[in-house]
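1. Coordinates for the following, if possible.
(2 chains)
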2 protein chains.
Amino acid sequence: MKTVVQKYGGSSVATAEKIQRVADTLIKKKNEGNNVVAVVSAMGDTTDDLINLAMSVSKNPDKREMDALISTGEIISASLLAMALKSKGYDAISYTAYQIGIKTSGIYGKSLIDDIDVKKIRNSINEGKIVIVAGFQGVNEIGDITTLGRGGSDTSAVALAVKLKGECEIYTDVDGIYSCDPRKFKEAKKLDFIDYEEMLELASLGAQVMHSRSVELAQKYDIPIYVGLSCSDIKGTVIKGVKDMNLESKPVTGLATSDEDVSVTVQNLSSNINILSDLFEAIANRKINIDMISQTAPVDNLVNVSFTIPKNEINECMAILTDFSSKENILIDEDITKFSLVGLGMKNTTGVAARLFKVFSDANIEVKMITTSEIRITCAIKQEYKIKAIETAAKHFNL
Amino acid sequence: MKTVVQKYGGSSVATAEKIQRVADTLIKKKNEGNNVVAVVSAMGDTTDDLINLAMSVSKNPDKREMDALISTGEIISASLLAMALKSKGYDAISYTAYQIGIKTSGIYGKSLIDDIDVKKIRNSINEGKIVIVAGFQGVNEIGDITTLGRGGSDTSAVALAVKLKGECEIYTDVDGIYSCDPRKFKEAKKLDFIDYEEMLELASLGAQVMHSRSVELAQKYDIPIYVGLSCSDIKGTVIKGVKDMNLESKPVTGLATSDEDVSVTVQNLSSNINILSDLFEAIANRKINIDMISQTAPVDNLVNVSFTIPKNEINECMAILTDFSSKENILIDEDITKFSLVGLGMKNTTGVAARLFKVFSDANIEVKMITTSEIRITCAIKQEYKIKAIETAAKHFNL
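-> Numbers count the residues shown, from 1 in each chain, chains lettered A, B, ... in the order given. The predicted model follows:
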């Protein structure tokens, strides 16, 4: 019998009624002849509420205790969903990370799943039970409760699908993956399929549909992920490997923007490679997420280096930069939107960058910074140009 | 170094400020040179809120899932308290039942603690940490999360004190054990000491200060329990063994009343002992908590049997009784208050019952039912007489 792992996000289990609806959907899947495993996030704003509670007792809450605290949200929704199923006459059982040995390593709040002992789940499946697993959580080598980071329940679900050799379906409050954010561009097209790599580029660029690590994990084990609207028959999007898709048709699959970063420019740095490497190492050591690095050609052995960082890490970053440069030489630009085009097809299609710059030029959109990879082009532009950039590029590339 | 296990009830950790205050109290105890272990209940009304949430998804929530659900309340307060301690500069660590192996057996919602593996706690103590344990919860032999019943954190604390060979202090929102409920009789006297047996009789009779099983456990291992107001210097009450007390002074230690029961009378039952034993066995099988059984002398081989049961079990009980008798022969009296006097001194002092009946008679208080044990006398009286009964008896017996 086929095993299906379905993941339901926080908005899908936010109320008692929504939990009932999820239960009905699981029952339908079960009655269609599947083994059913559901992974749930915490109800609605529970995680935020718990974090606020922590902030009310400590300005800088201990990370081990924070993980213990916020892991309770998923236990609550998992047990409620199991209750709902049982009261509808279907046998069900909920499991915490401790109970099924979801082993993790790495730092609190961003732990990685090493392994899952699925014996208990298999036994419950064999007893005909619908199995509910508290997402987002694990247990590390010293027995502490850990969490996987925001959106980590996606990764819990994919990891379970891998271990159970099952299918993976992620249900959320959007009905699939769009070529660009439909809240920003109404005519955005929903994709039937998207490649893992493309999805990863989009996810890391502000298309916050999926937890990036879940996509990486699915790619590693070549498990397709279906992403769709919870408790609905609307057809969603399948994230899967490129071999299944017709690449030639379209060079650009998706477009994403993010206003969450600022650009930092350090002027008149020595072009000595040691200084640059020390600078970036110091930033990396603080786990500051750096992106879009660009450097000017040296003049009198001095260079300007620009990069982007998340807004909320600016103070921490400044503390490091002032070890390398005077304050006058550090320029912060908060008025940037990161605009990215993503597409596996770019590998085989020349001139995508040139076409984009022509589109921007025609629309009088000034580009502040540019970085490219094999399958994406990212430009930093002024925030006021964002909507215009989305509309013109989406039309041009038929997104 | 002495190890002190302190338990804080839900009202003591109901808000962030209260958690800070508990943290300060623990720090004081630590700085006085003690190893400190704290057991916490869920914050304020958290457990009730979770139960209501369960009732909103299922009319009759599955008991295993209910335990998984409500156990989260204590994990939340434990991790918050550990955070508060750490942000005050004291090393602390929280543990769930899973993490420290609080092994339980018995039914969900009313599990019994079999054992606690205190190795992890000892290690943390030796590292100088203040240890916070989520109360009320355990893990049974098949790895399910269990709870110990309302007030079960008291029992968690005593069990930890037993295993750690430490002292046990229970902090709550009352400042000790009173000879009778100070909300009902203003001049009630606070006791410096009370015997385990007396406390057990009072606890089971509506003086809802302590979880009965915690007192039984303390008695079994002869561990004194200090009961007092949390975060306060007001002197509380020590529950301990009789050998430490001067018994002779007072025959009656305490007085308790409860309005939570109804009396049931089954008329014209056959006096055949098999029928009576079948009747009570059937009631016991449904785990209905029966009390104050009395039976009239047989007339024509027919007897009347009366007993009290908790109000909320009346429907379940009626379903059983109608197998033994016609509805017309079953009388329910909802207008009863159970009034009890308790005192180890009764063992050695004759005439306590006679003195009580004289007090009631002088005050025109009619007694409906009477049962006695070695150390208590319980009468069922009309609810309208309750306050008068408390006042006259408390004055007469100097409570």
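
2. residues touching the residue in the stretch 201-350 of chain A that chain B sits nearest to, list them.
-> Across the stretch 201-350 of chain A, the shortest distance to chain B (Cβ to the nearest Cβ) belongs to A:Cys231, at 15.1 Å. In this view, the C-beta of every residue, glycine as well, is placed from N, C-alpha and C. Under the criterion of Cβ atoms under 8 Å, 6 or more residues apart in numbering or on different chains, the contact list for A:Cys231 reads A:Ser12, A:Lys18, A:Arg21, A:Val22, A:Asp24, A:Thr25, A:Tyr171.

3. Recalculate using a threshold of 6 Å.
-> The neighbourhood of A:Cys231, defined by Cβ atoms under 6 Å, 6 or more residues apart in numbering or on different chains, consists of A:Arg21, A:Thr25.

4. and it, which of the three is it?
-> Using DSSP: H, G, I helix; E, B strand; the rest coil, the structure places A:Cys231 in coil.

5. which secondary structure element contains the residue in the stretch 101-250 of chain A that chain B sits nearest to?
-> Among all residues of the stretch 101-250 of chain A, A:Gly143 sits closest to chain B, at 5.5 Å; criterion: Cβ to the nearest Cβ. Element membership for A:Gly143 (DSSP states H and E) is empty, with no helix or strand holding it.

6. Run a quick neighbour tally on the nearest residue to it once chain neighbours are set aside.
-> Here the nearest residue to A:Gly143 in space, its sequence neighbours aside, is B:Gln99; by Cβ to Cβ, 6 or more residues apart in numbering or on different chains that works out to 5.5 Å. B:Gln99 is flanked by 23 other residues according to other Cβ atoms under 10 Å in any protein chain shown.

7. Please, which helix or strand holds B:Gln99?
-> B:Gln99 belongs to helix B:97-100, assigned by DSSP H and E.

8. which residues of the stretch 151-300 of chain A fall in helices?
-> For the stretch 151-300 of chain A, the helices defined by DSSP state H, counting those that start in this stretch cover A:152-164, A:196-204, A:212-220, A:273-285.

9. who's in contact with the third one?
-> Applying Cβ under 6 Å, 6+ apart, the set of residues contacting helix A:212-220 from outside is A:Asp154, A:Thr155, A:Val158, A:Tyr196, A:Met199, A:Leu200, A:Ala203, A:Ser204, A:Ile225.

10. Likewise for the last one?
-> Among residues not part of helix A:273-285, those counted as contacts by Cβ under 6 Å, 6+ apart are A:Ile290, A:Ile320, A:Phe324.

11. cutoff 8 Å now
-> When contacts are defined by Cβ under 8 Å, 6+ apart, helix A:273-285 is touched by residues A:266, A:269, A:290, A:293, A:295, A:303, A:305, A:309, A:317, A:320-321, A:323-324.

12. that older thread, if I pick the residue nearest to A:Gly143, what's in contact with it?
-> By Cβ under 8 Å, 6+ apart, the contact set of B:Gln99 is A:Tyr98, A:Gly143, A:Asp144, A:Ile145, B:Lys120.

13. Need those residues in a markdown table (columns: neighbour count).
-> Shown next, in a markdown table, are those (neighbours: other Cβ atoms under 10 Å in any protein chain shown):
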| residue | neighbour count |
| --- | --- |
| A:Tyr98 | 22 |
| A:Gly143 | 13 |
| A:Asp144 | 20 |
| A:Ile145 | 29 |
| B:Lys120 | 17 |
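
14. how about the residues of the stretch 51-200 of chain A that lie near chain B?
-> Within the stretch 51-200 of chain A, the residues that sit near chain B (Cβ under 8 Å from any Cβ of the partner chain) are A:53-54, A:56-62, A:64-66, A:68-69, A:71-72, A:75-76, A:78-84, A:86-87, A:93-94, A:96, A:98-99, A:120, A:143-145.

15. Quick check: PyMOL command selecting the buried ones in these.
-> Command for PyMOL that selects the buried part of these, burial taken from 16 or more other Cβ atoms under 10 Å in any protein chain shown:
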select buried, chain A and resi 53+54+56+57+58+61+62+64+65+66+68+69+71+72+75+76+78+79+80+81+82+83+84+86+87+93+94+96+98+99+120+144+145
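
16. Helices - which of the residues of the stretch 51-200 of chain A next to chain B land there?
-> Judged by DSSP state H, these include A:53-54, A:56-57, A:64-66, A:68-69, A:72, A:75-76, A:78-84, A:86-87, A:98-99, A:120 as members of helices.

17. hmm, back to that, show me which of the contacts of B:Gln99 is closest to B:Asn329.
-> Comparing these against B:Asn329 with Cβ to Cβ picks out A:Tyr98 as the nearest, at 53.4 Å.

18. any idea how far that closest one is from A:Val299?
-> Between A:Tyr98 and A:Val299 the computed distance is 60 Å (Cβ to Cβ, to the nearest Å).

19. and if you look at A:Ala68?
-> Relative to A:Val299, and taking Cβ to Cβ, A:Ala68 is found at 54 Å.

20. Any stretches of the stretch 251-399 of chain A with poor pLDDT?
-> For the stretch 251-399 of chain A, applying pLDDT under 70 flags the ranges A:349.

21. Which positions in it make contact with chain B?
-> With Cβ under 8 Å from any Cβ as the criterion, the stretch 251-399 of chain A does not come near chain B at any residue.

22. where along the stretch 251-399 of chain A do the strands fall?
-> A:254-258, A:261-270, A:291-295, A:302-310, A:330-333, A:337-342, A:367-372, A:376-381 (DSSP state E, counting those that start in this stretch).

23. Quick one: work out the angle between the third one and strand A:337-342.
-> In this structure, strand A:291-295 runs at an angle of 100 degrees to strand A:337-342, with axes from the mean of the first three to the mean of the last three Cα atoms, to 10 degrees as the basis.

24. repeat for the longest one
-> Our comparison of strand A:261-270 with strand A:337-342, counting by the same axes, to 10 degrees, yields an angle of 100 degrees.

25. try the last one
-> Interaxial angle of strand A:376-381 relative to strand A:337-342 (the same axes, to 10 degrees): 160 degrees.

26. Listing partners with orientation, what would you give for strand A:376-381?
-> strand A:337-342 (antiparallel), strand A:367-372 (antiparallel) (DSSP bridges).

27. cool, the shortest one as well?
-> Using DSSP bridges, strand A:330-333 pairs in its sheet with strand A:261-270 (antiparallel).

28. Okay then, goodbye and thanks.
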